[in-house]
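[1] return a 3D structure for these sequence lines:
(chains A and B)
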Protein chains: 2
Amino acid sequence: VTEAARGALFHGEIHEQPAALERLLDGCLEAVRAAAARAAGVRLVRLVAHGSSDNAASYGVYAFPLVANATAFRESISLLTYYRTTPDLGESLVVGISQSGRTPDVVEYVAAARGLARLTIAITNDTASPLAEAAEAVIPLCAGPELAVAATKTYTSTLAALALLAGALGGELDRTAEDLRRTASLMAGALTPLDAVARGVAALFEATGQMVVVGRGIEFATARELALKLTETCHLVASPLTTTDFSHGPIAGVGAHVPVWVIASEDPCLPAALEAATRARRAGAPLIASGSASGQVPEAAIRFGVPPAPTAPLSPLLSVLPGQLFAWALADAKGVDPDAPSGLSKVTVVP
Amino acid sequence: VTEAARGALFHGEIHEQPAALERLLDGCLEAVRAAAARAAGVRLVRLVAHGSSDNAASYGVYAFPLVANATAFRESISLLTYYRTTPDLGESLVVGISQSGRTPDVVEYVAAARGLARLTIAITNDTASPLAEAAEAVIPLCAGPELAVAATKTYTSTLAALALLAGALGGELDRTAEDLRRTASLMAGALTPLDAVARGVAALFEATGQMVVVGRGIEFATARELALKLTETCHLVASPLTTTDFSHGPIAGVGAHVPVWVIASEDPCLPAALEAATRARRAGAPLIASGSASGQVPEAAIRFGVPPAPTAPLSPLLSVLPGQLFAWALADAKGVDPDAPSGLSKVTVVP
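    Just a heads-up that it's a prediction; the model follows:
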């Protein structure tokens, strides 16, 4: 791998996200409308996923209650795949998420749930995949082939698909789609300046072996996804924590050698993020802040501002961009090829 | 603090766990029976907790489906406390867990849920606490005052209270209570030999700044609790991961400098734990294995065996003991007082 080519797939797909989001909006609205009609009035949503798709599910845990007044949770898949219990799905909506559509136990869960739940939906980038075949309804991501091992455009497009589904269940599909078009435009404007910040600061963290990423509420998904990107591509272990979990224990383990990254968006949970930042500084940790409210984080060493989203529940589509670009830039600074991370493959086939 | 006194509270309470469990069994059965009668037939359990109590909730996520065929999940408390949504609780059972009964947003959630859900239950060590007052039914832990900052006896007693509640909902309260009496006896027999192993190996990890703790299924609770104990008391950041999450990213970040601790119990998820261990070794990480199947973990540098539990769903009461003792011994080896961890207090009051 030449230096010029290192991470080219990863970097290219990060920058492709606004276009991928536009393609989703062009291609999936009828599928979302039809699926939501079949699931109208649903009170309980089970999100079935692993990896980046499971981080997107953390977004759904908030999007469905906030937008559609339904309860959503991340299903514990091993209850079916290892413990062989038959889930009592009642009237719940099952949403299986896998960009490849080939994550074995997500496929297995959705296949087993079909006919037992109110409706099974697949959110996938491959409409010919086993997951798409297993589910009763399919929402296609239309992101185009994702070739980098670390998911980026399918992550933000999955967030958007979940936002659309929640919006449709809440009777606001058209408005959500409009807000997402504006979000795509905001993403496009933000990427190049953020790229420059990431390139500029990455070398400061060349020796960093661990990091803590803190978020709360709907931005916990962002914290999880950012930690996963860093861990996948940069040979470090980044721990995602809610602001509360951070204060329950890990605060005792941080210090000058453990940078803390705080996701700070204009959102009702912002006070919790700011308090976590203050605690991290008191413990001596260098702070990185990202998000539309990163300017409010006291004593941040580095700030990655992003524009406010059209509505607060869409913030995570923008607040994840700095972390993606930072992961790319840090891998480059470390001389690691993020397109060939050791020990990882694109489709997770492990149990 | 003299050297002799360092960690004396923490160490004493670890060893007090069998007696605390006996007190729970002597003191709470009627309360469990009465609460379960009021919640008979419930299909959905919302677990509301932070910190160690939230780790115990991860146990409940599996115990309720496995024993009572009900779905359980860890509630996202910020939906109520920050986003101010009114949860649509329907016929769900709400279980608020806090050893002190004073975790503010757990109290707030349960108070708001009272009258909206099928039943609200408090599991707490203080029957005069605000949480006990907020809930319609109380299961007292009867653990006696817990003085160490890092919870131990209230953690295992909370697991037992959840096992009893699940057992009662599944029509097997008496048998569960008998199995827990035998578990208390097994704990008592295991603690002293495990203590010696922990004292012997702790110094090997004096320079360790981070660790990964891997578990799957019902033992994910143990992985979370062990990681929290290490992080609270030993000035390191330990990340708890499911076996699948481990293989999705963090496997790329481990190596000789990041020990991996695998929870390996006689349980349907054991194959996943063994595969994660193999991957960790392939990545060059030193392995620590604990649990009733730790002998099966290939190439473990250190093994903490515990006896098999009377039934698989009670394994986590035994498999957490090595981690608690190791955390105590490692803190001692590092010269840190686990009874006075920096930045932490017993009752979490942060949002």
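[2] tell me the secondary structure for the most centrally placed residue in chain A?
    By CA atoms, centre = their mean, chain A has its centre lying nearest to residue A:56, at 4.1 Å. Assigned by DSSP: H, G, I helix; E, B strand; the rest coil, the conformation of residue A:56 is helix.
[3] setting aside sequence neighbours, what's the nearest residue to it?
    Once flanking residues are discounted, residue A:56 sits nearest to residue A:158: 4.1 Å by CB to CB, 6 or more residues apart in numbering or on different chains. Backbone N, C-alpha and C define where each C-beta goes, glycine included.
[4] could I have the helix or strand containing that neighbour exported to PDB, CA atoms only?
    Assigning secondary structure by DSSP states H and E places residue A:158 in helix A:153-169. The C-alpha coordinates for helix A:153-169 follow below in PDB (Å, rounded to 0.1, in the frame of the first residue of the first chain):
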ATOM      1  CA  LYS A 153     -21.800   6.100   4.900                       C
ATOM      2  CA  THR A 154     -23.900   3.100   5.800                       C
ATOM      3  CA  TYR A 155     -23.800   4.200   9.400                       C
ATOM      4  CA  THR A 156     -25.200   7.700   8.700                       C
ATOM      5  CA  SER A 157     -27.600   6.400   6.100                       C
ATOM      6  CA  THR A 158     -28.900   3.800   8.700                       C
ATOM      7  CA  LEU A 159     -29.500   6.700  11.200                       C
ATOM      8  CA  ALA A 160     -31.400   8.400   8.500                       C
ATOM      9  CA  ALA A 161     -33.500   5.300   7.700                       C
ATOM     10  CA  LEU A 162     -34.300   5.000  11.400                       C
ATOM     11  CA  ALA A 163     -35.200   8.600  11.600                       C
ATOM     12  CA  LEU A 164     -37.500   8.200   8.500                       C
ATOM     13  CA  LEU A 165     -39.200   5.100  10.000                       C
ATOM     14  CA  ALA A 166     -39.700   6.800  13.300                       C
ATOM     15  CA  GLY A 167     -41.000   9.900  11.500                       C
ATOM     16  CA  ALA A 168     -43.400   7.900   9.400                       C
ATOM     17  CA  LEU A 169     -44.700   6.100  12.500                       C
END
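[5] how about low-confidence regions in chain A?
    A:1-4, A:341-351 (pLDDT under 70).
[6] contact residues of the stretch 1-150 of chain A facing chain B?
    Residues of the stretch 1-150 of chain A found near chain B (CB under 8 Å from any CB of the partner chain) are A:43-44, A:50-52, A:54, A:61-62, A:65-66, A:69-71, A:73-74, A:76, A:78-79, A:82-85, A:87-88, A:90.
[7] which of the residues you listed count as buried?
    Buried positions within the residues of the stretch 1-150 of chain A next to chain B, assessed by neighbour count (16 or more other CB atoms under 10 Å in any protein chain shown), are A:43-44, A:50-52, A:54, A:61-62, A:65-66, A:70-71, A:73-74, A:76, A:78-79, A:82-83, A:85, A:87.
[8] let's see which of those end up in strands.
    A:44, A:71, A:73, A:74 (DSSP state E).
[9] does the third one touch residue A:46 like I think?
    Yep, that's residue A:73 we're talking about. Yes. Using CB atoms under 8 Å, residue A:73 is in contact with residue A:46, at 6.7 Å.
[10] quick one, helices of chain A?
    A:8-15, A:17-27, A:29-38, A:51-68, A:78-81, A:104-113, A:130-134, A:153-169, A:173-201, A:220-234, A:243-248, A:270-282, A:315-319, A:321-334 (DSSP state H).
[11] summarise which helices and strands the fifth one is packed against.
    Contacting helix A:78-81 under the criterion 3 or more CB pairs under 8 Å, 6 or more residues apart in numbering or on different chains; DSSP states H and E are the following elements: helix A:104-113, helix B:51-68.
[12] how close does residue A:338 sit to chain B?
    10 Å (CB to the nearest CB, to the nearest Å).
[13] great, nothing more from me.
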